[in-house]
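S.K.: Take a look and give me a structure for this.
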Amino acid sequence: MGYQDEYKALGVKARWLTEEHAKNAYAHALQFSDTNRYGLNEKTTHKIERHIIESRSVADIWLKTRLCAQGTLQIIYGPDHVCVVDAEVFLKHWQDIFVPARDDAIILHNIDKTVFFYCHEEELEVGIRGFRTVVE
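M.R.: Below is the predicted model:
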């Protein structure tokens, strides 16, 4: 079962981006992903908070206090799988949407600069997107 089928089975309405738009969204989102570990990039993301999921109910509260329920979210799994969902619906179903040991995703909020990373190792990170130029 693919991502689109899983969303349908959960009753979560998602608008899936076309191939070209998905590739562009993925390329944009990669700047917020660390290249050395699973998580957010400290060079492009500010105020990163990390939560290791030991309790689903605690993780749910942790995420809901950090991610605005208004607006929409762009969920980027990879260059071929990007969708847009209602933020409130996502917050109700995120634990069913993401599969431990399989999914890594970058989530961008459309209203504010929040970026959220879900790691297949059951870790969450939330931060604020920045666009600093990195000189190495």
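
S.K.: Which strand or helix spans I75?
M.R.: Counting by DSSP states H and E, the element that carries I75 is strand 72-78.

S.K.: show me what contacts the closest residue to K23 other than its chain neighbours?
M.R.: Leaving aside its chain neighbours, K23 sits nearest to P79 (4.9 Å; criterion: C-beta to C-beta, 6 or more residues apart in numbering). Placement of C-beta: from N, CA and C, glycine included. The contact partners of P79, taken as C-beta atoms under 8 Å, 6 or more residues apart in numbering, are A22, K23, Y26, A27.

S.K.: 10 Å instead, please
M.R.: If you count contacts by C-beta atoms under 10 Å, 6 or more residues apart in numbering, P79 has them with E19, A22, K23, N24, A25, Y26, A27, A29, L30.

S.K.: For burial, what's the neighbour tally of the first one?
M.R.: So that's E19. The burial count assigned to E19 is 11, neighbours taken as other C-beta atoms under 10 Å.

S.K.: That one against G78, yeah?
M.R.: No. With contact defined as C-beta atoms under 10 Å, E19 and G78 do not form a contacting pair (11.9 Å).

S.K.: which stretches of this protein have low pLDDT?
M.R.: For the chain, applying pLDDT under 70 flags the ranges 131-136.

S.K.: quick one, strands of it?
M.R.: Under the criterion DSSP state E, the chain carries strands at the ranges 15-16, 45-52, 72-78, 81-86, 105-109, 114-119, 123-129.

S.K.: Pull up the pairing partners for the third one, direction included.
M.R.: Taking DSSP bridges as the criterion, strand 72-78 forms sheet pairs with strand 81-86 (antiparallel), strand 105-109 (antiparallel).

S.K.: go on, the first one?
M.R.: Using DSSP bridges, strand 15-16 pairs in its sheet with strand 81-86 (antiparallel).

S.K.: CA atoms of the partner strand as CSV?
M.R.: Included here for strand 81-86 are C-alpha records, laid out as CSV according to Å, rounded to 0.1, in the frame of the first residue of the first chain:
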residue,chain,number,x,y,z
HIS,A,81,5.8,11.8,-2.3
VAL,A,82,4.7,15.2,-1.2
CYS,A,83,1.2,16.2,0.0
VAL,A,84,-0.7,19.1,1.6
VAL,A,85,-3.0,18.4,4.5
ASP,A,86,-5.1,20.4,6.9
